[in-house]
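# coordinates only, sequence not included:
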């Protein structure tokens, strides 16, 4: 039991450095992995399982992977592991909110989520690639396909994707942060990662069932599209909803003063959160079925 507790503590420590940018948070990423796995073809499931079994041979002890749901959390978990520092810039496409976007700048040297997704797809399809490279590609896809559906991972206004935008959330100025062992101010990125996801999931299975029903209803239309298209979709949703519904004006490259998020914002953005989680499920399943489902 003591060993298990030590492992849990180590995992939490490893996630600490990523606590400001856990797109969808652990609950959202795990949900995406679980639901996508359920939509894989038998061949794709077998290929995923076979690759994940290889994790034992190269395991990062504080970030073990035994399922696609675990894999969806892995790139955030290893942010605290020096060997994987190179992944830090791959979680987002910092498409500027104002001005003409230049991908050569916000995705320099292919260091952004959309470019990483495309390169990971190519590696996963390449049967001549090493198990190590294909395993990392699987983990990248499991996580970054989810990341790029989170609107604040596809926008920047000199505010680190909303991380610098401080706010009061439903009357609360701070939230508990187990990683920093204290209370920290709410920010816009955090509520989209954690608070708004918790709102749509709720308690019991009703929230998950609603996302499943949404994915079922839109499977054909939402399973298509590449990573670049997903980034552009997310960017538009960020402009229209994440920032557009805020009770303060947004100026170019200027962080607004602290403001309050009320229930009307939470309710208005709930359909977007459900939609983007459902899209992540469908697009991850589609990518893996195409790459692995012979």
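Received it, and whenever you're ready, just let me know what you need. Just so it is clear, the model here is predicted, and its values are computed rather than measured.
# Tell me the predicted confidence for residue 85.
Looking at residue 85, its pLDDT stands at 87.
# would residue 210 count as being in a helix?
Yes. Assignment of residue 210 by DSSP: H, G, I helix; E, B strand; the rest coil places it within a helix.
# Just give me the neighbour total for it.
For residue 210, the neighbour count with other CB atoms under 10 Å is 17. Heads up, the C-betas are built off the backbone N, CA and C, glycines and all.
# Thought residue 200 was touching it, still the case?
Yes. Look at residue 210 against residue 200 with CB atoms under 8 Å: they come within range, at 7.4 Å.
# which residues do those two both contact?
Taking CB atoms under 8 Å, 6 or more residues apart in numbering as the contact rule, residue 210 and residue 200 both touch residue 274.
# low-scoring stretches of the stretch 101-250 of the chain, by residue?
Within the stretch 101-250 of the chain, the segments meeting pLDDT under 70 span 178-181.
# could you redo the last one with a cut-off of 50?
Nowhere does the stretch 101-250 of the chain drop to pLDDT under 50.
# can you map out the strands along it?
When secondary structure is read from DSSP state E, counting those that start in this stretch, the stretch 101-250 of the chain shows strands at 166-169, 174-177, 182-187.
# ok, and which of those has the densest surroundings?
Mean neighbour count (mean count of other CB atoms under 10 Å) peaks for strand 166-169 among the strands of the stretch 101-250 of the chain, with a mean of 19.
# mind listing what's buried in stretch 190-204?
By 16 or more other CB atoms under 10 Å, the buried positions in stretch 190-204 come out as 190, 191, 192, 193, 194, 195, 196, 197, 198, 199, 200, 201.
# Return the residues in contact with residue 34.
67, 68, 69.
# Out of the residues you listed, grab the one that's most surrounded.
residue 68 (28 neighbours).
# gap between it and residue 53?
Note on residue 68: its distance to residue 53, by CB to CB, to the nearest Å, is 12 Å.
# before we move on, what about residue 287?
20 Å.
# what do you get for residue 25?
Distance from residue 25 to residue 53, by CB to CB: 27 Å.
# Those two - which one has more neighbours?
residue 25 (21 against 13).
# Would you mark the buried spots in the longest helix anywhere in the chain?
In the chain, with assignment by DSSP state H, the single longest helix is helix 263-292. Burial within helix 263-292, assessed by neighbour count using 16+ other CB under 10 Å, is assigned to 265-266, 269, 272-289, 291-292.
# Break down the stretch 51-200 of the chain into its helices, ranges please.
68-77, 103-106, 113-125, 131-147, 188-190, 196-201 (DSSP state H, counting those that start in this stretch).
# neighbouring contacts of stretch 45-63?
7, 10-11, 13-14, 37, 40, 64-68, 70-71, 73-74, 77-78, 80-81, 83-84, 131-132, 134-135, 138, 288, 292-293.
# Buried members of these into ChimeraX, please.
Selecting the buried subset of the contacts of stretch 45-63 in ChimeraX, with 16+ other CB under 10 Å as the burial test, is done by:
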select :11,14,37,40,65,67,68,70,71,73,74,77,78,80,84,134,135,138,288,292,293
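# Same list, the contacts of residue 34, but as JSON lines with distance to residue 121 and pLDDT please.
Output for the contacts of residue 34, formatted as JSON lines (distance: CB to CB, whole Å; pLDDT from 0 to 100):
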{"residue": "67", "distance to residue 121": "21", "pLDDT": "96"}
{"residue": "68", "distance to residue 121": "16", "pLDDT": "97"}
{"residue": "69", "distance to residue 121": "20", "pLDDT": "96"}
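# Out of the residues you listed, flag the one nearest to residue 103.
Within these, proximity to residue 103 (CB to CB) peaks at residue 68, which comes in at 29.2 Å.
# contacting residues for that closest one?
Counted by CB under 8 Å, 6+ apart, residue 68 has contacts 33, 34, 36, 37, 48, 52, 142.
# Closest one of those to residue 90?
Closest to residue 90, out of all of the contacts of residue 68 and judged by CB to CB, is residue 142, at 13.1 Å.
# Many thanks, I have nothing further to ask.
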